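J.: Here is a sequence with its predicted model. Questions after.
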Amino acid sequence: MSKLHRAGAAAALAALPVALAYRFSQVYRVRAGFPQRRPPAFTPADFGLLFEETVVRSPGGDLPAWFIPARGGAPGPGVVLVHGWDSARDRMLANVEFLHAAGLHCLTFDVRGNGANPAESLPVSAGEFGADALAGFATLLARPEVTVGGIVGHSMGAIGALLAAAADPRVAAVVASSTPSDPRRLVRETFKLAGLRLPAPIATPLSWLTTAEFLRQRGHRVRDISAAEAIAAYRGPILLVHGELDQVIPVAHAERLRRVAVAARGGDATNVELVLIPDGGHTWLYESELYRREIAAFLARSLDGPLDPAAAADAAGALVVSRLPEPEGSLVGNRTQGAVAAILVGASSVSGPGDE
């Protein structure tokens, strides 16, 4: 073989990993960028709660929503609840139930591409969750019943909550549960969940390329949709909640977010709280009395009522809160294994609920 041929062969071999990585990133974008839509199967009435059908006017279009007033609609604090990936607003009703018991007005909606919304033509990322959470918060504050507002988000919805809080100084408190700390680390977790045991020298650059390709079509930059960047920018009270046994987003993500928030505040941890739920996985954390009590007390303290923190904790903790029956046609069998894993590998034969 001539030197020229050998050089050509060497160049082709060198380019192969790059080509394969790029192809992988394109496949990932298609399979992990479009949530499965499942219209809500339940309403607040199924929990004995009065509610109003409304809409959240987002840059992504009008999003169907419910407003659930507390205390007969008397003026007071409220929260907007943001569901996670591959989910819908009814999956937040268990959270609504105990927050309503704590006296808080609640608004929850379907993020674009999820629930009763039409399918998106471009991949959905934390950027869309953030924009929709921001619009949801504006809708909440526009209610005559609501005097001050916070945001409660789960998983991808928790990233959205932090992004919205960083963008709007009126957000008086944030509760973020099971939160991925940044897009690249989230992509790395999906590699693991999909059984791709890649060594760090491969996984790290592949996650960077995959993330960039995933975000390219919407024009997002990684730092603009990172929970870590957002939590560093937000100065209001923050409660991070995470299951100790979360196999989808390991607890290290929550610990990192707390470190980032405290460092951004000059080492002052006064308004940055982290609660770990023993035996808690990625979802259904509301079944834990500790989860309900801590969130209710935090919001009562941060939003100045309407109940004092101890009374709010007792009201939320006293409820028996159970998960909703699982919707039909779901994607993932064991929620602790994560919806993103099945999306990434293209699984279609397993079943289970969306990300609550």
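T.: In hand now; what should we look at?
J.: Could you use CA atoms for every contact and neighbour count after this?
T.: Noted.
J.: Can you find the helix or strand of this structure with the lowest average pLDDT?
T.: Ranked by mean pLDDT, DSSP states H and E, the helix or strand of the chain with the weakest confidence is helix 339-345, at a mean of 36.
J.: quick one: residue 55 is in a helix?
T.: No - assessed with DSSP: H, G, I helix; E, B strand; the rest coil, residue 55 is strand; it does not lie in a helix.
J.: partner residues bridging it?
T.: residue 64 (DSSP bridges).
J.: In contact with it, which residues?
T.: 62, 63, 64, 65, 66, 109 (CA atoms under 8 Å, 6 or more residues apart in numbering).
J.: Include distance to residue 263 when you put the residues you listed into TSV, please.
T.: Output for the contacts of residue 55, formatted as TSV (distance: CA to CA, whole Å):
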residue	distance to residue 263
62	38
63	36
64	38
65	36
66	37
109	33
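J.: By neighbours, which of those residues wins?
T.: residue 109 (28 neighbours; other CA atoms under 10 Å).
J.: Next, the contact list for that one, please.
T.: Applying CA under 8 Å, 6+ apart, one finds that residue 109 lies in contact with 55, 56, 63, 64, 65, 66, 81, 82, 83, 88, 89, 136.
J.: And the fourth one, what's its pLDDT?
T.: Residue-level confidence at residue 64 comes out at 98, pLDDT.
J.: can I have the one helix or strand residue 256 maps to written out in CSV, keeping just the CAs?
T.: Assessed by DSSP states H and E, residue 256 sits inside helix 252-264. Provided in CSV are the C-alpha atoms of helix 252-264 (Å, rounded to 0.1, in the frame of the first residue of the first chain):
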residue,chain,number,x,y,z
ALA,A,252,-25.5,14.1,43.1
HIS,A,253,-27.4,16.5,40.8
ALA,A,254,-29.3,18.0,43.7
GLU,A,255,-26.2,18.3,45.8
ARG,A,256,-24.4,20.0,43.0
LEU,A,257,-27.3,22.5,42.6
ARG,A,258,-27.2,23.3,46.2
ARG,A,259,-23.4,24.0,46.1
VAL,A,260,-23.8,26.2,43.1
ALA,A,261,-26.6,28.2,44.7
VAL,A,262,-24.8,28.7,48.0
ALA,A,263,-21.6,29.7,46.2
ALA,A,264,-23.4,32.2,44.1
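J.: Packing partners of the helix or strand following it?
T.: Per DSSP H and E, the first helix or strand lying C-terminal to helix 252-264 is strand 272-277. Contacts defined by 3 or more CA pairs under 8 Å, 6 or more residues apart in numbering; DSSP states H and E place strand 272-277 against strand 238-243, helix 252-264, helix 289-302.
J.: Can you give the contact residues for the longest one?
T.: When you say that, I think you mean helix 289-302. Residues from elsewhere that reach helix 289-302, judged by CA under 8 Å, 6+ apart: 98-99, 102, 150, 172-173, 175, 237, 239, 241, 275, 277, 285-286, 305-314, 316-318.
J.: If any of those are buried, put those into a PyMOL selection.
T.: Restricted to buried positions by 16 or more other CA atoms under 10 Å, the PyMOL selection for these reads:
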select buried, resi 98+99+102+150+172+173+175+237+239+241+275+277+285+286+305+306+307+309+311+312+313+314+316+317
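J.: can you tell me which of the contacts of helix 289-302 are in helices?
T.: In this view, the contacts of helix 289-302 that belong to helices under DSSP state H are 98, 99, 309, 310, 311, 312, 313, 314, 316, 317, 318.
J.: if we can go back for a sec, out of the helices and strands packed on strand 272-277, flag the one nearest residue 216.
T.: Proximity to residue 216 (CA to CA) singles out helix 252-264 among these, at 24.3 Å.
J.: For the closest one, name the packing helices and strands.
T.: Using 3+ CA pairs under 8 Å, 6+ apart: helix 252-264 touches helix 227-233, strand 238-243, strand 272-277.
J.: quick one: residue 134 is in a strand?
T.: No - secondary structure of residue 134 (three-state DSSP): helix, not part of a strand.
J.: In three-state terms, how would the closest residue to it other than its chain neighbours be classified?
T.: Spatial nearest neighbour of residue 134, chain neighbours left out: residue 164 (4.6 Å); criterion: CA to CA, 6 or more residues apart in numbering. Classification of residue 164 using three-state DSSP returns helix.
J.: In contact with residue 164, which residues?
T.: So residue 164 contacts 130, 131, 133, 134, 137 (CA under 8 Å, 6+ apart).
J.: From these, pick the one nearest residue 38.
T.: Proximity of the contacts of residue 164 to residue 38, judged by CA to CA, is greatest for residue 133, which lies at 19.1 Å.
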